[in-house]
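Asker: Sequence and predicted model, in that order:
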Amino acid sequence: MQVKDLTVEQLQTLIRNTVDERLNEYLADPDQEKEIKELFMQSLLNVRKKRMEGRSTIPASEVYKKYGIRQ
């Protein structure tokens, strides 16, 4: 079937599907299928727990300074 033979609705569906596929390719998480090491996962969960409890965290400016990251 050629594009000239498509109805307006079929063409719109084709375009919509094509755009969706391309966006999924560009916006997909490249790490989605990878596993997280248990120790790292526990570290992330601990940070989240501290935040939910209202405990203070390290300000971003201190992290930037410690690791020499420019803002």
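Answerer: That came through fine.
Asker: Okay, helices next: where are they in the chain?
Answerer: Assigned by DSSP state H, the chain shows helices spanning 8-27, 38-52, 60-67.
Asker: In CSV: those, plus distance to Met1, mean neighbour count and mean pLDDT.
Answerer: C-beta here means a position set from N, CA and C on the backbone, and glycine is covered the same way. Shown next, in CSV, are the helices of the chain (distance: least, Cβ to Cβ, whole Å; neighbours: other Cβ atoms under 10 Å; pLDDT from 0 to 100):
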stretch, distance to Met1, mean neighbour count, mean pLDDT
helix 8-27, 9, 10, 93
helix 38-52, 49, 10, 90
helix 60-67, 55, 10, 90
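Asker: out of these, which comes closest to Gln2?
Answerer: Gln2 lies closest, by Cβ to Cβ, to one member of the helices of the chain: helix 8-27, at 11.2 Å.
Asker: Pull that closest one out as PDB, backbone CA atoms only.
Answerer: Provided in PDB are the C-alpha atoms of helix 8-27 (Å, rounded to 0.1, in the frame of the first residue of the first chain):
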ATOM      1  CA  VAL A   8      -6.900  10.700   6.100                       C
ATOM      2  CA  GLU A   9      -7.500   8.700   9.300                       C
ATOM      3  CA  GLN A  10      -5.000   6.000   8.200                       C
ATOM      4  CA  LEU A  11      -2.400   8.700   7.400                       C
ATOM      5  CA  GLN A  12      -2.900  10.400  10.700                       C
ATOM      6  CA  THR A  13      -2.500   7.100  12.500                       C
ATOM      7  CA  LEU A  14       0.600   6.300  10.600                       C
ATOM      8  CA  ILE A  15       2.200   9.700  11.400                       C
ATOM      9  CA  ARG A  16       1.100   9.400  15.100                       C
ATOM     10  CA  ASN A  17       2.600   6.000  15.400                       C
ATOM     11  CA  THR A  18       5.800   7.000  13.700                       C
ATOM     12  CA  VAL A  19       6.200  10.100  16.000                       C
ATOM     13  CA  ASP A  20       5.500   7.900  19.000                       C
ATOM     14  CA  GLU A  21       8.100   5.400  18.000                       C
ATOM     15  CA  ARG A  22      10.800   8.000  17.400                       C
ATOM     16  CA  LEU A  23      10.000   9.800  20.700                       C
ATOM     17  CA  ASN A  24      10.300   6.500  22.600                       C
ATOM     18  CA  GLU A  25      13.700   5.900  21.000                       C
ATOM     19  CA  TYR A  26      15.000   9.300  21.900                       C
ATOM     20  CA  LEU A  27      13.400   9.500  25.400                       C
END
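Asker: Thanks a lot, catch you later.
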